[in-house]
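Peer 1: sequence? don't have it. structure:
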């Protein structure tokens with residue numbers, strides 16, 4: 001045999017290869033046997049026991065295969081559940097010492113003052129035939145730019161707002177209209193935005209406590225705005241500062257009323273995409289460090305401001321004009337009163353309807369919002385006492401003219417309903433930490449395994465690989481010799 005090996009080197013080389021492979025195979029089998037005897041995996045010891053009856057070894061094999069399959073299915077379902085981005089709702093209630101006063105928008109049911117002079121014959125014709133626009137083509141008033149018509153025939157702030165007060169119990173502090181009240185340029189109605197970002201005294205955001213109130217005494221100009229309109233009085237909207245009132249529910253307040261309005265803030269916190277927390281369209285998280293405001297004409301983002309920007313673009317396409325101040329910014333024509341009636345309002349209604357559809361993604365709502373639920377109660381007031389109150393607070397000879405409008409005044413008091421703030425928040429139901437914990441739980445349930453078992457498996461795999469690499473290196477070295 002030795003002579004054959006010496007006379008045939010190729011045969012000797014093949015024998016060495018076979019012996020090396022056998023040695024490597026035996027070492028790997030030894031590692032697997034040692035792993036099976038020492039591992040914490042249930043059933044492996046029974047499979048390695050050669051003295052155990054064959055039917056027990058087969059039974060343990062079937063059990064182990066079943067458990068591995070169950071583990072694989074459970075991990076797959078866990079991953080599918082995690083990738084569906086589930087969330088849960090958490091309600092919380094906090095009591096605060098002060099509630100921030102929201103931005104208020106007050107609107108009349110009219111857009112022009114029907115008793116102002118200066119070409120009022122055209123204005124009267126417009127009011128009488130506001131729904132018959134074909135008769136207005138030669139109307140001088142209807143062909144005025146809307147901002148000019150507002151300036152000449154609009155309602156004056158000082159005529160509508162007779163007094164605005166900050167009240168603590170019965171102590172009234174008069175508030176200057178120039179500090180709080182700003183005309184809203186939105187066409188179609190005479191509206192004013194009532195909001196001051198800073199407290200008059202402390203320099204902080206204006207807040208009201210449980211016994212504080214915000215009081216307004218208004219003249220809704222009923223006699224001067226009622227011609228051609230079915231509704232009289234005012235509408236009051238509450239919304240976040242910097243946003244518009246369009247999407248809020250207004251409170252209608254009739255002339256001659258003492259309205260007691262109570263506010264309660266409610267916060268909602270939705271999750272951004274890919275969660276369907278705010279619906280299939282998702283929401284915009286302005287608190288994200290990577291957020292970039294997509295709006296051109298507004299410094300902040302909100303759903304109503306996004307709709308406003310869409311409106312500007314679409315009206316420019318359809319009507320060849322826009323409202324101020326955007327007409328000056330875009331260097332395009334400003335819409336006339338007639339164009340507002342024939343084009344602008346129809347385009348606005350269509351755009352708002354299309355944008356608010358469930359499948360529309362043109363404008364998304366905010367993920368974090370604060371809204372205000374409100375209640376209102378009415379009572380009839382004594383007009384003479386209201387006039388006396390105005391005279392005392394204003395410390396001047398306050399006179400109302402004409403006297404017939406005294407019975408049409410509106411007194412509004414705004415107070416917190418309670419100091420409890422309700423927060424509805426969506427939080428992820430399954431996080432990576434939850435997945436990690438559940439993977440460990442499934443491994444322990446089905447295989448009796450743990451993280452240390454994973455370390456054991458990694459250890460034996462590395463040793464088997466190292467053994468194979470060493471044997472391969474030795475074979476190559478011997479072949480070179």
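Peer 2: All right, it came through fine. Because the structure is predicted, anything quoted here is derived from the model rather than measured.

Peer 1: all helices for the stretch 201-350 of the chain, in order.
Peer 2: 222-225, 303-319, 326-330, 337-339, 345-355 (DSSP state H, counting those that start in this stretch).

Peer 1: least reliable of those going by mean pLDDT?
Peer 2: Lowest mean pLDDT within these: helix 222-225, at a mean of 68.

Peer 1: mean confidence score for stretch 100-112?
Peer 2: Mean predicted confidence for stretch 100-112 is 84.

Peer 1: buried residues in the host helix or strand of residue 414?
Peer 2: Element membership for residue 414, per DSSP states H and E: strand 410-416. By neighbour count with 16 or more other CB atoms under 10 Å, strand 410-416 contains the buried residues 410, 411, 412, 413, 414, 415, 416. No exception for glycine: its C-beta is placed from N, CA and C like everyone else's.

Peer 1: residues contacting the fourth one?
Peer 2: Contacts here follow CB atoms under 8 Å, 6 or more residues apart in numbering; on that basis residue 413 touches 167, 213, 214, 215, 258, 259, 260, 261.

Peer 1: follow-up on the earlier one: most tightly surrounded among the helices of the stretch 201-350 of the chain?
Peer 2: Sort the helices of the stretch 201-350 of the chain by mean neighbour count, taking mean count of other CB atoms under 10 Å, and helix 337-339 sits at the top with a mean of 23.

Peer 1: related to what we said a few turns ago, what's the farthest-apart pair in the buried residues of strand 410-416?
Peer 2: By the measure CB to CB, 410 and 416 form the most distant pair in those, at 20.8 Å.

Peer 1: looking at the helices of the stretch 201-350 of the chain, which is closest to residue 287?
Peer 2: Shortest distance between residue 287 and those, using CB to CB, is found for helix 303-319: 16.0 Å.

Peer 1: just the angle between the closest one and helix 345-355, please?
Peer 2: When axes from the mean of the first three to the mean of the last three CA atoms, to 10 degrees is applied, the directions of helix 303-319 and helix 345-355 differ by 130 degrees.

Peer 1: which secondary structure elements does helix 303-319 contact?
Peer 2: Counting contacts by 3 or more CB pairs under 8 Å, 6 or more residues apart in numbering; DSSP states H and E, helix 303-319 packs against helix 326-330, helix 345-355.

Peer 1: which residues does that helix contact?
Peer 2: With CB under 8 Å, 6+ apart as the test, helix 303-319 has contacts from 239, 242-247, 294-298, 321-323, 326, 330, 332, 335, 339, 343-344, 347-348, 351-352, 355, 362-366.

Peer 1: buried ones among these?
Peer 2: Buried residues within the contacts of helix 303-319, counting neighbours by 16+ other CB under 10 Å: 239, 243-247, 298, 321-323, 326, 335, 339, 343-344, 347-348, 351-352, 355, 363-366.

Peer 1: mind checking pLDDT for residue 193?
Peer 2: For residue 193, pLDDT reads 90.

Peer 1: coming back round to it: what's the closest of the helices and strands packed on helix 303-319 to residue 428?
Peer 2: helix 345-355 (28.6 Å).

Peer 1: from the contact counts, what lies against the closest one?
Peer 2: Judged by 3+ CB pairs under 8 Å, 6+ apart, helix 345-355 is in contact with helix 303-319.

Peer 1: so how far is the helix it packs on from its chain's centroid?
Peer 2: Taking CA atoms, centre = their mean, to the nearest Å, one finds helix 303-319 lying 20 Å from the centre of the chain it belongs to.

Peer 1: domain parsing for the protein?
Peer 2: In terms of domains, the chain is parsed into 1-56, 94-116+154-267+375-417 (source: automatic domain parsing).

Peer 1: least reliable of the ones you listed by average pLDDT, please.
Peer 2: domain 1-56 (a mean of 61).

Peer 1: let's have the helices and strands packed on helix 303-319 in CSV, adding distance to residue 441.
Peer 2: Formatted as CSV, the helices and strands packed on helix 303-319 follow (distance: least, CB to CB, whole Å):
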stretch, distance to residue 441
helix 326-330, 59
helix 345-355, 46
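
Peer 1: OK, contacts around residue 259?
Peer 2: 251, 253, 376, 377, 378, 410, 411, 412, 413.

Peer 1: and of those residues, the nearest to residue 460?
Peer 2: Taking CB to CB as the measure, residue 251 is the one of those closest to residue 460, at 73.9 Å.
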